[in-house]
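Trainee: No sequence on hand, only this structure:
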Ligand SMILES: Nc1ncnc2c1ncn2[C@@H]1O[C@H](COP(=O)(O)OP(=O)(O)OP(=O)(O)O)[C@@H](O)[C@H]1O
Ligand SMILES: [Mg+2]
């Protein structure tokens, strides 16, 4: 599990590889980041400026595409005043955050018991849990819709949260079990000898699973935040989320590029910050050296 | 403080019988070592005493309380784990303070206890580190520290100093013994190192393949091993064994084999007379109880020197006597060379005779 510093020996091949790596990474960076920059810049342009593109071959004025315009916040303002984006933003946060929280709490407990306790048919239970993720989303959508309609959950936030949870929970159990498997049981034994109850011992090792739990929380949020299918079918109406609302900016008569770009920014920025925030959680290896071997 | 009774205890892991019908009584304040080779069920026994392992059959009592179904936290024990089991996310200080914190002890009191223990174990400079920044021996000392800061009714130590260097180990043997004496806390100490057991324990329980072989004081274990296996396991260098025959000649009982024929003492004869089961026996004698004969009259057996080994103040001589190899412990001034013939003298008051069929000791 522990990583090592890999020794590198200087040679011409190594330098060539280094140059190649550098070039590749630069291209990759531009390829990845450029669409975001264009989206960001365009969201502050009015319609005229947005389509003010340089002539083919006119490389000199490419720069002006990025800087030569009068920034306007009109798209953002309209999204929030005319288009109710505040509500959709709220819906997105509640549905993704709620389902992630439920999935991780229930998932951690289920994963813990699957990891620690031997019971008859354990492997079957575990396989059943994973197997619920094997069917493609589209395949279960129709039956799910019928069930949810019967329960009056269509178009409600609890319905959307439940729908996301059905998909996040098995995944959570599966991933988190791996994390718990990696934590030696001996640490809990030590905690029990120190005077903890069984539950106290579980809490004592939670910090060790924190990187896994934190990382997985984000994965769950990402899945629901970016989801379109569930949101459009199960959340449609009362529980509209950002992706669905953005889609509605494309109407038969017009495509409102400025607003779409602004909505894109609103949707991506929180996830970008979340990603930066949990980076330190993803640094694992905390159990190193606690137990002999 | 607690006395411990282990009554007819079995431990089964599926089909594997790790501990078989174990019976041990430990007096209050006693220092008991459980000694045996790897895989003989020492840790399983200790873990059952701690409540970490289900007791497959039998009962364990602390005083007169049956504890089979008592969780570890209610047993008032402190344990050193074979694999340390430190909290990886806590500093050494927090590792040692954890149990006291759970007891809601006063902060300053915790601090003084932890620092005293750290001083004793020479880990004071490490208190702010995390376990993964420590060497194996330092982790092991932390694990001991975590146990001794508490005032439990029972200490359970599982090979607590196996990973220290020789000098520190000798030092810790003394410290642990003194600490246990001072506190008067019952101690059950698992080890596979006979030197540890012999030097520290009030009594030793020798185990083999899950079966208790002998439960006695160190000197009794050394001087009166219960069977051939214990005799061979205890003592360094190991006891010499020779297959012999018991014969009677003119009312005298003799031990006979290809290489020698020698009379037993009066006491030994009477034991054999009353208990003997069959004539074939194994004679065992420690290297310390064999010497080189100075005159032909003294000599009991002759052999051929195979190799000599100088160990500081002693010398080990390995000799071929008929079809056995015999180790003799002598002084470094012994001058025999490889291939020389040597005359050996067995101290017949110190030898042991074991029944041929099951290895149980006659004396
Ligand atoms: N969890 C387990 N499942 C199955 N078998 C086990 C388990 N734990 C121990 N055993 C077996 O039980 C026997 C006794 O094990 P135990 O750990 O008590 O040995 P030990 O005397 O402590 O050995 P060591 O000196 O190597 O620590 C061994 O044969 C071992 O293989
Ligand atoms: Mg062991």
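Mentor: Looks like it arrived, so ask away. A quick note: this is a predicted structure, and the numbers were derived from the prediction, not measured. Ligands and ions are numbered 1, 2, ... in the order given.
Trainee: who touches residue 79 in this structure?
Mentor: Picked chain A for this. Neighbouring residues of residue A:79 by C-beta atoms under 8 Å, 6 or more residues apart in numbering or on different chains: A:85, A:259, A:262, A:263, A:266. Using the backbone N, CA and C atoms, a C-beta is placed for each residue, glycine as well.
Trainee: meant chain B, my bad for not saying
Mentor: A:190, A:193, B:46, B:50, B:147, B:155, B:156, B:157, B:158.
Trainee: let's go with 10 Å and repeat that
Mentor: A:189-190, A:192-194, B:46-47, B:49-52, B:72, B:85, B:143, B:146-147, B:150, B:152, B:154-158, B:160, B:188 (C-beta atoms under 10 Å, 6 or more residues apart in numbering or on different chains).
Trainee: Most widely separated two among the contacts of residue A:79?
Mentor: By the measure C-beta to C-beta, A:259 and A:266 form the most distant pair in the contacts of residue A:79, at 10.2 Å.
Trainee: who touches both of those two?
Mentor: The contact lists of residue A:259 and residue A:266 share A:43, A:75, A:76, A:79, A:85, A:245, A:246, where a contact means C-beta under 10 Å, 6+ apart.
Trainee: tally of neighbours for the residue of the stretch 151-300 of chain B found nearest ligand 2?
Mentor: Per C-beta to the ion, residue B:158 is where the stretch 151-300 of chain B lies closest to ligand 2, at 5.9 Å. Number of residues near residue B:158 (other C-beta atoms under 10 Å in any protein chain shown) recorded here: 24.
Trainee: Now do the SS call for the nearest residue to residue B:59 once chain neighbours are set aside.
Mentor: Among residues not flanking residue B:59 along the chain, residue B:7 sits closest, at 4.7 Å (C-beta to C-beta, 6 or more residues apart in numbering or on different chains). Secondary structure state of residue B:7, per DSSP: H, G, I helix; E, B strand; the rest coil, is strand.
Trainee: confidence score at the residue in the stretch 51-200 of chain A that ligand 2 sits nearest to?
Mentor: Taking C-beta to the ion, ligand 2 has its nearest neighbour within the stretch 51-200 of chain A at residue A:186, 12.2 Å off. Residue A:186 is assigned a predicted lDDT (pLDDT) of 92.
Trainee: Touching, it and residue B:80? I think so.
Mentor: No - counting by C-beta atoms under 10 Å, residue A:186 does not reach residue B:80; the two are 11.8 Å apart.
Trainee: Could you list which of the contacts of residue B:79 belong to strands?
Mentor: Judged by DSSP state E, the contacts of residue B:79 include B:154, B:155, B:156, B:157, B:158, B:188 as members of strands.
Trainee: of those, list those near chain A.
Mentor: Subset of those in contact with chain A: residue B:156, counting by C-beta under 10 Å from any C-beta of the partner chain.
Trainee: Closest to ligand 1 out of the ones in strands among the contacts of residue B:79?
Mentor: Proximity of the ones in strands among the contacts of residue B:79 to ligand 1 (C-beta to the nearest ligand atom) peaks at residue B:158, which lies at 7.2 Å.
Trainee: Show me how far stretch B:79-86 is from its chain's centre.
Mentor: Mean-position distance between stretch B:79-86 and its chain equals 20 Å (C-alpha atoms, centre = their mean, to the nearest Å).
Trainee: Can you check the distance spanned by that stretch, start to finish?
Mentor: Terminal residues of stretch B:79-86 are spaced 12 Å apart (C-alpha to C-alpha, to the nearest Å).
Trainee: and what of stretch B:48-67?
Mentor: 10 Å.
Trainee: any idea how far the residue sitting furthest away from the middle of chain B is from ligand 1?
Mentor: No residue in chain B sits farther from the centre than residue B:250, which is 42.2 Å out by C-alpha atoms, centre = their mean. Going from residue B:250 to ligand 1 by C-beta to the nearest ligand atom, to the nearest Å gives 49 Å.
Trainee: Now that residue. Its backbone dihedrals?
Mentor: The phi/psi pair for residue B:250 (degrees, to the nearest 10) reads phi 60, psi 40.
Trainee: One more: residue B:75?
Mentor: The phi/psi pair for residue B:75 (degrees, to the nearest 10) is phi -100, psi 0.
Trainee: That one: neighbouring residues, count only.
Mentor: Counted with other C-beta under 10 Å, residue B:75 comes out at 24.
Trainee: ok but residue B:176 is inside a strand, no?
Mentor: No - Residue B:176 sits outside any strand when classified using three-state DSSP, being helix.
Trainee: quick one: it from residue B:27, how far?
Mentor: Using C-beta to C-beta, to the nearest Å, residue B:176 is found at 18 Å from residue B:27.
Trainee: Please apply the same query to residue A:24.
Mentor: Remark: distance between residue A:24 and residue B:27 (C-beta to C-beta) = 74 Å.
Trainee: Tell me which of these two has more neighbours.
Mentor: More crowded of residue A:24 and residue B:27, by other C-beta under 10 Å: residue B:27, with 13 against 10.
Trainee: Contact partners for the more buried one?
Mentor: Residues in contact with residue B:27, defined by C-beta under 10 Å, 6+ apart, are B:2, B:3, B:4, B:186, B:202, B:203.
Trainee: Which parts of the stretch 1-150 of chain A are helices?
Mentor: Under the criterion DSSP state H, counting those that start in this stretch, the stretch 1-150 of chain A contains helices at A:12-42, A:47-50, A:62-67, A:74-81, A:85-116, A:122-131, A:137-150.
Trainee: and the closest residue to residue A:151 other than its chain neighbours, what is it in contact with?
Mentor: Counting by C-beta to C-beta, 6+ apart, residue A:151 lies nearest to residue A:159, which is 7.8 Å off, once chain neighbours are set aside. Shown in contact with residue A:159 (C-beta under 10 Å, 6+ apart): A:95, A:144, A:148, A:149, A:151, A:152, A:153, A:230, A:234, A:235, A:238, A:239.
Trainee: re the thing from before, can you turn the buried part of the contacts of residue B:27 into a PyMOL selection?
Mentor: To isolate the buried members of the contacts of residue B:27 in PyMOL, using 16 or more other C-beta atoms under 10 Å in any protein chain shown:
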select buried, chain B and resi 2+3+4+186+203
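Trainee: farthest pair in the contacts of residue B:27?
Mentor: Farthest apart among the contacts of residue B:27 - using C-beta to C-beta - are B:2 and B:203, which lie 16.2 Å from each other.
Trainee: So chain B: which segments form each domain?
Mentor: Annotated domains of chain B cover B:4-233, B:241-355 [automatic domain parsing].
Trainee: ok, now how distant is the most centrally placed residue in chain A from residue A:215?
Mentor: Residue closest to the mean C-alpha point of chain A, counted by C-alpha atoms, centre = their mean, is residue A:222 at 1.8 Å. For residue A:222, the distance to residue A:215 equals 11 Å [C-beta to C-beta].
Trainee: how about the residue nearest to residue B:296 when sequence neighbours are not counted, what does it touch?
Mentor: In this structure, residue B:296 finds its nearest non-sequential neighbour in residue B:343, 7.1 Å apart by C-beta to C-beta, 6+ apart. Shown in contact with residue B:343 (C-beta under 10 Å, 6+ apart): B:291, B:292, B:293, B:294, B:295, B:296, B:298, B:299, B:300, B:301, B:302, B:303.
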